[in-house]
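Engineer: Pasting the sequence and the predicted model now:
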Amino acid sequence: MRRRGFALIGPSLAPADRPALPDVTYRPPARHGDLYALGLRRGDSVLVVDGLYQHVAPLRHKEILAALAQGVRVYGAASYGALRSAELADHGMVGVGRVAAAYRGGELASDADVAVLHSDDEACRPVTIALVSLRTAARALAEAGRIDPAAADEVIAIGAALHYTERAPGALRARAAAVGVGAATDLVLAELAAGRDVKRQDALEGLRRLGEDTGGIDPPPATRWDSSYGAETAFAHTPLVAGGVTGRRLLACLQVFAPDYPERHRAYVHRMARASSSTGPGAAPVLAAAGFDVPAVAAGRYAGRTRATGHWPREERALVRTFRLPPGRCVYKDLPPEALGGRPLADVLAWSAELGPPPPAGRRLTGAALAGLWGAANDEELLLSALERGFRDLGEAVAVGRTLDLSRGAAR
């Protein structure tokens, strides 16, 4: 299978400066879930340069570790990737360039050293200047004898006193003029404008390494860093087919719209229970083997009736609604065959793709909308209906279904 390369990059290197590399695809700055969404496979290589954070969830360590465990080589350079490479160097992530070395050696420690404010478009134009860029350029000019070392230190101190969202050239010049280092600051900013920016240079070095890479890790690390949160994230972001919907979205469609989904979920729960227990068929033996007081469970709130499951035994309703995979957080880690109800995956995928995103002013998924779909007469029945469809709670049912357009939903 052909080796693929991916570069996740933004403000550190302008689009016009990014070289065309064979088999390398440029992607926007990394955020939580992006490595899963790439559909990585063994032999691929990834360069992480820039990443988003603060207003979105950042690219997590476990996501990088999962890629490494697949036999994917992961590089980090220049900015957010340099920071992650230092944190994960002992696990196989490769740091490239001076910024990565500075994080690895302890000279840099904070993400604030590389952070910049940038435009929210494809170009990701930087609005502010990274402290590491300012510091490196000032020290280089001082070493070359072009500015006084004391003035270089003052320029760096001015930059360090500003939050990364405020470290714009105008703000630096205004503060520098007030303390008499305006000329030195102008020289530093001119160096950066001319492309002599350590982040830009490291990004180019990272791309050179990515372009020369002939494949991923061989062999991949023996240790896998699995967790229920990692499995949940992978399920939420990994497409079932390249460029297609994720397993989590397809499951959400089925959970919400399929009239018989409680029966499908029931079949899934029994298969998983049989896989981890030597008990006979039925809910009561499973509950008893797990140490539950079966009569007490059958009399509890999770055994109540709903329109879809009123014909089930009470202990059956309680088991299906409270089922969790070890260690206890997830109900699903993937799309099981039971969820498809015997239909071909391609058929169900085509149906889910037709739903598209929710309209700007349409029937957004709410508890009341779900109650109408599932025939729940009150709040208690609505909760039980969500649980018997495999949601952890009503909040999850509403959250994962907000990507669906209820005005076009059809039973599957």
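Structural biologist: Arrived safely.

Engineer: Any regions of the protein where pLDDT drops low?
Structural biologist: Within the chain, the segments meeting pLDDT under 70 span 1-2, 276-281, 355-365, 401, 403, 405-412.

Engineer: Mind splitting it into its structural domains?
Structural biologist: 5-117+200-228, 131-196, 231-403 (automatic domain parsing).

Engineer: Deepest-packed of these, please.
Structural biologist: domain 5-117+200-228 (a mean of 20; mean count of other CB atoms under 10 Å). Where C-beta positions appear, they are placed from N, C-alpha and C, glycine not excepted.

Engineer: distance between the ends of that one?
Structural biologist: 28 Å (CA to CA, to the nearest Å).

Engineer: before we move on, what about stretch 119-127?
Structural biologist: By CA to CA, the extent of stretch 119-127 from end to end equals 7 Å.

Engineer: I would like the residues contacting that stretch, please.
Structural biologist: 10, 11, 14, 15, 28, 29, 50, 116, 117, 118, 168 (CB atoms under 8 Å, 6 or more residues apart in numbering).

Engineer: still on that earlier bit, rebuild the domains of the chain as a markdown table, extending it with distance to residue 123.
Structural biologist: Listed next are the domains of the chain as a markdown table, based on distance: least, CB to CB, whole Å:
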| stretch | distance to residue 123 |
| --- | --- |
| domain 5-117+200-228 | 6 |
| domain 131-196 | 16 |
| domain 231-403 | 23 |
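
Engineer: Could you check how far the residue nearest to residue 330 when sequence neighbours are not counted is from residue 312?
Structural biologist: Closest residue to residue 330 apart from its sequence neighbours, by CB to CB, 6 or more residues apart in numbering: residue 228 at 5.1 Å. Separation of residue 228 from residue 312 (CB to CB, to the nearest Å): 28 Å.

Engineer: Ok, residue 42 next?
Structural biologist: 44 Å.

Engineer: what's the answer for residue 294, then?
Structural biologist: In terms of CB to CB, residue 294 sits 15 Å off from residue 312.

Engineer: now do residue 377
Structural biologist: 18 Å.

Engineer: Helices of the stretch 101-250 of the chain, residue ranges please.
Structural biologist: 131-143, 149-161, 169-178, 182-193, 198-212, 228-237, 247-257 (DSSP state H, counting those that start in this stretch).

Engineer: Could you export those as CSV, including distance to residue 96?
Structural biologist: As requested, the helices of the stretch 101-250 of the chain are exported to CSV (distance: least, CB to CB, whole Å):
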stretch, distance to residue 96
helix 131-143, 15
helix 149-161, 24
helix 169-178, 28
helix 182-193, 20
helix 198-212, 4
helix 228-237, 25
helix 247-257, 33
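
Engineer: can you tell me which of those helices comes nearest to residue 24?
Structural biologist: helix 198-212 (6.1 Å; CB to CB).

Engineer: which helices and strands does that closest one pack with?
Structural biologist: Applying 3 or more CB pairs under 8 Å, 6 or more residues apart in numbering; DSSP states H and E, one finds that helix 198-212 contacts strand 5-8, strand 24-27, strand 45-48, strand 73-77, strand 94-96, helix 98-105, helix 131-143.

Engineer: Export those as TSV, with columns for distance to residue 86.
Structural biologist: Formatted as TSV, the helices and strands packed on helix 198-212 follow (distance: least, CB to CB, whole Å):
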stretch	distance to residue 86
strand 5-8	17
strand 24-27	22
strand 45-48	12
strand 73-77	8
strand 94-96	6
helix 98-105	4
helix 131-143	13
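
Engineer: do you know which of these lies nearest residue 213?
Structural biologist: strand 45-48 (4.4 Å).
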